[in-house]
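>>> take a look and give me a structure for this.
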Amino acid sequence: MSSDDRWSAQRYNTNASFVYSSQYTSPTLNLLAPRPGERILDLGCGSGDLTIDSLLPAVLPGGSIVGLDSSSSLLSKARQNLSSSSTSSNDKSSISWIECDGHDLASLGKDGQFDAVFSNAALHWMKRDPQRVVNGVYGLLKPGGRFIGEMGGALNMVGVRSTLHAVLANHGVDANKVDPWFFPTPEVYRAILEKAGFRVESCDLVPRLTPLPTGLRGWLETFAFAFLDALPSSADRKAVIDEVCRRVEVDMKHDVGDGGEGKWTVMYVRLRFKAWKE
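This next block holds a predicted model:
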């Protein structure tokens, strides 16, 4: 694992398996409508669960999938998942994995090698230059190719994000400098797609109440590492997690029994889109 890779495949699979569950990914996969024989790039494939279980079977026979992610930890887990899957050896050869930052897609070439680029819950992490990411996608697609994705949109994790900023400020940290997320409105992302040359078929916000299997603490430990790493000690990080959970539980923690246990539900707001390269 590279020294700057803060992802943990174990935490991701334990605390956030809903990210790649069929319950939440089927609408975007239906929008993609992959077909046998197609070559598809899974941009931000994570631990490869969706890549292996949903994308690969849809393009067989004759098709292939490339799973791309910037995290060596997640890609290592993806390779393990493929190796242990029931997929035949011949079909396993139809998946390849690439470790690459989504901002650097141009390094893969601009020869129109993919019928489609698909992305689930990854583009909002590519904050440094979203236009560069989309331009890179455009270059990788064949004429007539499509770009389908779902990412965090405006108001995603509302309440949790603002509370992180407030609590970090009390610890002397300017959260604006470390916040890793790009949660655009449909108008903003449509403009980015169109500037790259895409014809946008749809681009909409989809609010989604999302239960957290290990509570907000597990979610913060999995996804809020950019905020937590700005703090000087593990004690400070624990204190921030405790304070964020305490502040937002009145809205997000439900069915609390005598023992204090309860179920956490947060408001995910997804931006789902489909665009074409003409």
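
>>> now the residue nearest to residue 108 when sequence neighbours are not counted: how far from residue 271?
Leaving aside its sequence neighbours, residue 108 sits nearest to residue 140 (C-beta to C-beta, 6 or more residues apart in numbering; 6.3 Å). For glycine as for every other residue, the C-beta is placed from the backbone atoms N, C-alpha and C. Distance from residue 140 to residue 271, counting by C-beta to C-beta, to the nearest Å: 21 Å.

>>> and if you look at residue 119?
The value you get for residue 119 to residue 271, if C-beta to C-beta is used, is 11 Å.

>>> between the two, which contacts overlap?
Here residue 119 and residue 271 have 150-151 as joint contacts, going by C-beta atoms under 8 Å, 6 or more residues apart in numbering.

>>> and the helix or strand encompassing residue 202, which strands flank it?
Per DSSP states H and E: residue 202 is located in strand 198-212. When pairing is defined by DSSP bridges, strand 198-212 lines up against strand 263-277 (antiparallel).

>>> which parts of the stretch 1-150 of the chain are helices?
Here the stretch 1-150 of the chain has its helices, by DSSP state H, counting those that start in this stretch, at 9-15, 22-32, 49-50, 56-59, 72-84, 89-92, 130-140.

>>> okay, those in CSV with mean neighbour count next?
Shown next, in CSV, are these (neighbours: other C-beta atoms under 10 Å):
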stretch, mean neighbour count
helix 9-15, 18
helix 22-32, 16
helix 49-50, 22
helix 56-59, 19
helix 72-84, 17
helix 89-92, 12
helix 130-140, 21
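
>>> which stretch among those comes nearest residue 217?
Set against residue 217 and scored by C-beta to C-beta, these come closest in helix 9-15, at 8.8 Å.

>>> quick one: contacts of that closest one?
Contacts for helix 9-15 (C-beta under 8 Å, 6+ apart): 19, 46-47, 71, 73-74, 76-77, 212-214, 218-219, 221-222.

>>> centre of the chain versus it, how much separation?
With C-alpha atoms, centre = their mean, to the nearest Å as the basis, helix 9-15 stands 13 Å off its chain's centre.

>>> could you give the average pLDDT over that helix?
Here helix 9-15 scores 82 as its mean pLDDT.

>>> what's the answer for stretch 62-77, then?
Here the average pLDDT along stretch 62-77 is 96.

>>> now that stretch, how far from the centre of its chain.
Counting by C-alpha atoms, centre = their mean, stretch 62-77 comes out at 13 Å from the chain centroid.

>>> same check, this time on stretch 180-192
With C-alpha atoms, centre = their mean, you get 14 Å for stretch 180-192.

>>> now do the same end-to-end measure for that stretch.
Stretch 180-192 has an end-to-end distance of 19 Å (criterion: C-alpha to C-alpha, to the nearest Å).

>>> so residue 156 sits against residue 210, correct?
No - shown here, residue 156 and residue 210 do not form a contact pair, counting by C-beta atoms under 8 Å, at 10.1 Å.

>>> can you check which residues contact both of those two?
267-268.

>>> the closest residue to residue 225 other than its chain neighbours: neighbour count?
In space, and not counting its chain neighbours, residue 225 is closest to residue 6: 4.5 Å by C-beta to C-beta, 6+ apart. As a burial measure, residue 6 scores 14 neighbours (other C-beta atoms under 10 Å).

>>> so who does residue 6 touch?
Contacts of residue 6 (C-beta under 8 Å, 6+ apart): 225-226, 229.

>>> can you do 10 Å?
Counting by C-beta atoms under 10 Å, 6 or more residues apart in numbering, residue 6 makes contact with 71, 73, 180, 225-226, 228-229.

>>> among the residues you listed, who's most crowded?
residue 71 (23 neighbours).

>>> quick one: contacts for that one?
Taking C-beta under 10 Å, 6+ apart, one finds 1-2, 5-9, 12, 44-47, 77-78, 99, 125 in contact with residue 71.

>>> closest one to residue 55 out of the residues you listed, please.
residue 45 (8.7 Å).

>>> isn't the closest one up against residue 79?
No - applying C-beta atoms under 10 Å as the test, residue 45 and residue 79 come out as separate, 11.0 Å apart.
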